[in-house]
Every structure is written in C-alpha cells, then in structure tokens.
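[1] quick one, structure for this:
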Amino acid sequence: MKPPYIISYNIGFYIFDYNLIFGWRLDNKMTEWNSELELGYPKIDNHHRIFLKTINKFLQKLNQGVDLKVDLETLLYFLTDYVETHFIEEEQILKKINYFNYSKHKQAHQRLKENLGKLKRKYWELVQDSSDLFLIKLFITNLKEDLINKLVAHMKEEDSDIIIKVEEAL
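    Purely as a prediction, here's the structure:
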C-alpha cells in the first residue's frame, strides 16, 4: 500500500490515497431509494427519489470516463434548483404540521445551502476554465464529501425524524 499524499490546490489541503491520484475512481456507491426513506408525503418523497437517481447517475457516468465538466456543471445546476425548491417545500410542510424541531431543521437546510454556495464559488473561480483533470477530480471529490454525502445523511437522519409527525398530520 502506497502512503497518502498531501496536495494543495488553493481550495484547502487534502490527503489523498495513491490510487486516488494515479488511478482515480470515485466511490460510486450511493443510497438507493427504499421504503425506509419514505416520509409519507408524496411530493417530498418524489424529490428524494429524483435526488438519489440524479446523484447515482452522475457518479456512474464519472467512472465511465465521460465529459466530467459538462456533467459537473449540469449537476451543480440541478443541486441549486433542488436545494432551493425542495427545502422551501419541505419547510412549508414542517410549518403546516407544526413540527416541533422546525427551527433546527431549517438551520440544517441553511448550512447545506451555504455549503453549496461555497462549492459553486470554488467551481466558478477555480475549475470552470481549467483543463487540469486532477483539479476537476479534486473538486468532484470535495463536492461529494462536502455536500452530496451531507444531503444524503440529512435525508436519512433528519428528514426521517419527520415521518411520524407527517403521518399524524395526514
């Protein structure tokens, strides 16, 4: 096993495994939609299904060696739209059912929006005009760790806490 390497690209310091640098392959194992993720509110459940399907499709395409930047920009536009639309609608539902943890949930949404905003700024400042494949891959890894994984965790943990309350309200 090769030792990890420390790389700096003006977007922070990252420790990378030898295989990530010289044989890059992003872990494309993501969450598949299943009944445990259902909140019981069809509109929100559909948002979650579309999110997971889009992310899984993106990760599969990455490992097939397709045009990373085109798919990456498409994903950033999707994530922007998803976060805005989904969070607004989810927060409206939480208000409607008088969800006891509404303010905490809304704060979690705000943190995720801020993460997305930071990542988009990094993309437009550093990656968009770059032909440096390593920088593009570094950004994608950062995107997955700093946003996508957090969105999935939010859906699995924080959103799942709402299930009982939604069932009671319906």
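
[2] when you work out contacts or count neighbours from here on, use the C-alpha atoms and nothing else.
    OK.

[3] how about low-confidence regions in the protein?
    1-30, 63, 65-66, 163-170 (pLDDT under 70).

[4] does the residue minimising distance to the centre of the chain belong to a helix, a strand or coil?
    Taking CA atoms, centre = their mean, the centroid of the chain lies closest to Ile148, which sits 1.8 Å from it. Of the three states, Ile148 takes helix under DSSP: H, G, I helix; E, B strand; the rest coil.

[5] can you pull the contacts of it?
    Residues in contact with Ile148, defined by CA atoms under 8 Å, 6 or more residues apart in numbering, are Ile55.

[6] now Leu135: how far from Ile93?
    Distance, Leu135 to Ile93, by CA to CA, to the nearest Å: 40 Å.

[7] look up how far Lys104 lies from the residue nearest to Leu62 when sequence neighbours are not counted.
    Closest residue to Leu62 apart from its sequence neighbours, by CA to CA, 6 or more residues apart in numbering: Leu68 at 6.5 Å. Distance of Leu68 to Lys104, computed by CA to CA: 36 Å.

[8] which one of the two has more residues nearby?
    Neighbours per residue, other CA atoms under 10 Å: of Leu68 and Lys104, the larger number sits with Leu68, 18 against 11.

[9] can you list the residues that contact stretch 98-108?
    91, 94-95, 158, 162, 165.

[10] ok but Thr54 is inside a helix, no?
    Yes - under three-state DSSP, Thr54 falls within a helix.

[11] how many other residues sit next to it?
    Counted by other CA under 10 Å, the residues lying close to Thr54 total 15.

[12] what about it, distance to His48?
    Distance from Thr54 to His48, by CA to CA: 10 Å.

[13] can you tell me the element Leu76 falls in?
    Per DSSP states H and E, Leu76 falls inside helix 68-96.

[14] got the contact list for Val83?
    Taking CA under 8 Å, 6+ apart, we find Val83 in contact with Lys113.

[15] cool, and Phe51?
    Tyr82.
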